[in-house]
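A.B. asks: sequence first, then the predicted structure, then my questions.
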Amino acid sequence: MAGVPVAAPPPVDTVAVVFAESAVGRSVRLRGWVEKTRHSGGLLFLLMRDRTGSVQVAVRRDALGAESFELATTLQVEGALELTGTVHADPRAPGGREVRATSVHVVDAGLPFPIFRDQTEEFRLDKRHLVIRSHEHVATFRVKAELLAAFRRFLDAEDVLETTPPILTGNPAEGGAEAFQFDYFGRPGYLSQTAQLYLEAMLVPNERVYSLTPSFRAEKSRTPRHLTEYLHLEVELAWCDLEQMNEFIERMIATVVAEVAERRPKELAVLGRAPDELTALKPPFPRISYSDALDRLRGKGFDLEWGADLRTAEEAALTMEERAPIFVTRFPRELKAFYMLQSPGDPRTVEAADLLAPEGYGEIVGASCRETSVEKLIERLKAIGADPAEYDWYLDLRRHGSVPHAGFGIGVERVLRWMLRREHIRETTPFPRTPSRHTP
């Protein structure tokens, strides 16, 4: 009837409300998805979840009526529903609480859910859009969100300015063989391997800059720590040498990891990582030179000549028994990118450092001081077969007020893999991109 006010529905509660100390006896309205169902005669048990958690719901035929009850029994795993009910204490229920439903509205009963245990990894990757609803993936990506926020908080507190470099570039920054090339209106274009060159352009007016962008590497590496697309946190600091940069990195890693552990203990518990193992991490981290690393590896049975790269097996051997990350410093010049600064007193090496995660998880940070000499940069570009003319804008940075500076890049998914002790890096990103997969 016109003019008669219509009562608004009660506000929607979250599952977290059910577990509040004073919730017993309270009427709640919940909406979410079904995780499990169990049907016995006139009684239906649902385990229901929303963004805050899961709760057991008891649905009785005599409370709902036959028609509504039968409709509720059509709910499949991952079916969507809305309900009202009363909170009861029940020690048999998960978390000691149960909601006894007084009404159930089936939003979408759903089809039989195709994800269950003992399926092949390939099938689960094909169905990744459904697999990521699992408790483990939900916990992983909430920890990841916290990690990204913690990185930003730390850099903001250190007065490092966030910038937005391009993803499409006109030249590969670290070598053409590992760059994804495409046609850019009749000219070669590349997906960014690193934002570093652009960060260096932003450095002079701002002194301390960073970016958090996707990076792309066309490496056909099929290891547990490689992705072809990953989140890349990159930082450039003016007036900075190798040791000052390493001190900044270790302070950042220790601070950020501890913050995540303090803010996400519930999610870490789901994933089997004790928060106190992460909060115990304190700088300084051990440092060894590349030459010393070779000596250690030879002592472990590796047959390595000076100049050999440290790959997955070597990094694992160096760190398997460590409980904190370690820096490996001053690598051979030929192993590193053209823009790295030659070490004073040793023309064979550059002022570079890799931070290796403990327990065999490998490199998580790559860092170096940057070469400031135009002549040396041109020499290195020619040595790697690149055309210096294509990098003239980058060389221009050295012609107009260049200062000593250093920077580093962090593979966010690699840090997360170590923090959560995930077997494979693909578990740290919702839709992993690898040499064999770019769908869904």
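C.D. replies: Structure's in. What do you need?
A.B. asks: okay, CA-based contacts and neighbour counts for the rest of this
C.D. replies: OK.
A.B. asks: same for the longest strand seen in the chain, what does it pack against?
C.D. replies: Looking across the chain with DSSP state E, the single longest strand is strand 27-40. Other helices and strands packing on strand 27-40, by 3 or more C-alpha pairs under 8 Å, 6 or more residues apart in numbering; DSSP states H and E, are strand 43-50, strand 80-89.
A.B. asks: ok and the last one relative to strand 43-50, angle-wise?
C.D. replies: With axes from the mean of the first three to the mean of the last three C-alpha atoms, to 10 degrees applied, the angle from strand 80-89 to strand 43-50 works out at 110 degrees.
A.B. asks: what is strand 80-89 packed up against?
C.D. replies: Strand 80-89 packs on strand 27-40, strand 97-108, going by 3+ C-alpha pairs under 8 Å, 6+ apart.
A.B. asks: and the shortest one, what's buried?
C.D. replies: In other words, strand 97-108. Arg97, Glu98, Val99, Arg100, Ala101, Thr102, Ser103, Val104, Val106 (16 or more other C-alpha atoms under 10 Å).
A.B. asks: pLDDT on whichever helix or strand comes after it, on average?
C.D. replies: Later in the chain than strand 97-108, the nearest helix or strand by DSSP states H and E is helix 121-126. Averaging pLDDT along helix 121-126 gives 96.
A.B. asks: and what of stretch 227-247?
C.D. replies: 98.
A.B. asks: what do you get for stretch 12-28?
C.D. replies: Averaged across stretch 12-28, pLDDT comes to 97.
A.B. asks: again, but for stretch 274-291
C.D. replies: On average, stretch 274-291 scores 97.
A.B. asks: how about the CA coordinates for that stretch, as PDB?
C.D. replies: The C-alpha coordinates for stretch 274-291 follow below in PDB (Å, rounded to 0.1, in the frame of the first residue of the first chain):
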ATOM      1  CA  ALA A 274      55.300 -20.400  13.100                       C
ATOM      2  CA  PRO A 275      55.200 -16.600  13.400                       C
ATOM      3  CA  ASP A 276      58.000 -16.500  16.000                       C
ATOM      4  CA  GLU A 277      60.400 -18.000  13.400                       C
ATOM      5  CA  LEU A 278      59.900 -14.900  11.300                       C
ATOM      6  CA  THR A 279      59.900 -12.300  14.100                       C
ATOM      7  CA  ALA A 280      63.200 -13.800  15.400                       C
ATOM      8  CA  LEU A 281      65.000 -12.600  12.200                       C
ATOM      9  CA  LYS A 282      67.400  -9.800  13.000                       C
ATOM     10  CA  PRO A 283      70.100  -8.000  11.100                       C
ATOM     11  CA  PRO A 284      73.000  -8.000  10.300                       C
ATOM     12  CA  PHE A 285      72.800 -10.900   7.900                       C
ATOM     13  CA  PRO A 286      76.000 -12.800   7.100                       C
ATOM     14  CA  ARG A 287      78.100 -11.700   4.100                       C
ATOM     15  CA  ILE A 288      80.400 -13.700   2.000                       C
ATOM     16  CA  SER A 289      82.200 -12.800  -1.300                       C
ATOM     17  CA  TYR A 290      81.600 -14.700  -4.500                       C
ATOM     18  CA  SER A 291      85.100 -16.100  -4.200                       C
END
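A.B. asks: check contacts around the nearest residue to Tyr361 once chain neighbours are set aside.
C.D. replies: Residue nearest to Tyr361 in three dimensions, not counting chain neighbours: Trp418, with 5.9 Å by C-alpha to C-alpha, 6 or more residues apart in numbering. Trp418 sits next to Ala357, Pro358, Tyr361 when contact means C-alpha atoms under 8 Å, 6 or more residues apart in numbering.
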